[in-house]
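*Asks:* Okay, predicted coordinates and the sequence, questions at the end:
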Amino acid sequence: MIVKKRCKWCNINNPKYVEYHDNEWCQPNFDDKYLYEMLILESFQAGLSWECVLKKRDSFRLAYDGFDLEKVCAYGDKKMAELLNNENIIRNKLKIKASIGNSIIFRKIVCEYGSFYNYLKGFAGESIIYEIDKTTNDLSDAISEDLQKRGMKFVGSTIIYSYLQAIGMIYSHEEGCCLYKDL
């Protein structure tokens, strides 16, 4: 049996992680609903592994009303308490509070630029960056700085770099990985 080689971070014993690596990570997806979901999930990753967040992704989708931006923007104290008591998601009070505030800012950016991808293109253009073995770059620094100026939390440069990889603006499959591209 031939075993596909994957990036060294991919836990091949976790089917969800393998599925994410093979079919989602670094694959361009610039739909606002996806961009929103991934930004919220990446913000929960701060201090944790992506595998931990991915394991809870379906529960996050349920808890956050399918990542319906308008619904999340309207969350109040009752919903926040519900999220804090939800054992199936990451129950960090600061991250939950930030996820609601970040949602409101995300919506403002979409209104200002027409889409969140248009906002991101203002920093990166439409070309994909091919690089490996990095956790930040000038692009993630600039986007992180701007999002923080707008009031977002848990969007440091490392989180934004991971986000850009997740949505396919940065392609980072490692040499030796079955998905590696030498460009």
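*Replies:* Structure received.
*Asks:* contacts and neighbour counts: CA atoms only from here.
*Replies:* OK.
*Asks:* quick one: the closest residue to residue 132 other than its chain neighbours from residue 182, how far?
*Replies:* Nearest residue to residue 132, sequence neighbours excluded (C-alpha to C-alpha, 6 or more residues apart in numbering): residue 172, at 4.8 Å. From residue 172 across to residue 182, the span is 10 Å (C-alpha to C-alpha, to the nearest Å).
*Asks:* tell me the contacts of the residue nearest to residue 132?
*Replies:* 26, 130-133, 165, 180 (C-alpha atoms under 8 Å, 6 or more residues apart in numbering).
*Asks:* Narrow those to those in helices?
*Replies:* residue 165 (DSSP state H).
*Asks:* For residue 70, state which of the contacts of residue 172 is nearest.
*Replies:* Closest approach to residue 70 among the contacts of residue 172 (C-alpha to C-alpha): residue 165, at 25.7 Å.
*Asks:* Tell me the spacing between the nearest residue to the closest one once chain neighbours are set aside and residue 128.
*Replies:* Nearest non-adjacent residue to residue 165, counting by C-alpha to C-alpha, 6+ apart: residue 26, 5.1 Å away. For residue 26, the distance to residue 128 (C-alpha to C-alpha) stands at 10 Å.
*Asks:* between these two, what contacts are shared?
*Replies:* Joint contacts of residue 26 and residue 128 (C-alpha under 8 Å, 6+ apart) are 168-171.
*Asks:* Now, these that are in strands?
*Replies:* Among these, the members falling in strands (DSSP state E) are 170-171.
*Asks:* So which of the contacts of residue 172 belong to strands?
*Replies:* Filtering these for strands - DSSP E - leaves residue 130.
*Asks:* Among the contacts of residue 172, which one lies nearest to residue 145?
*Replies:* residue 165 (17.7 Å).
*Asks:* For that closest one, list the residues it contacts.
*Replies:* 25-26, 171-172.
*Asks:* Starting from residue 12, give me the distance back to it.
*Replies:* 19 Å.
*Asks:* now do residue 42
*Replies:* 21 Å.
*Asks:* Next, format the contacts of residue 165 as a markdown table and append pLDDT and distance to residue 121.
*Replies:* Formatted as a markdown table, the contacts of residue 165 follow (pLDDT from 0 to 100; distance: C-alpha to C-alpha, whole Å):
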| residue | pLDDT | distance to residue 121 |
| --- | --- | --- |
| 25 | 98 | 19 |
| 26 | 97 | 16 |
| 171 | 97 | 16 |
| 172 | 97 | 19 |
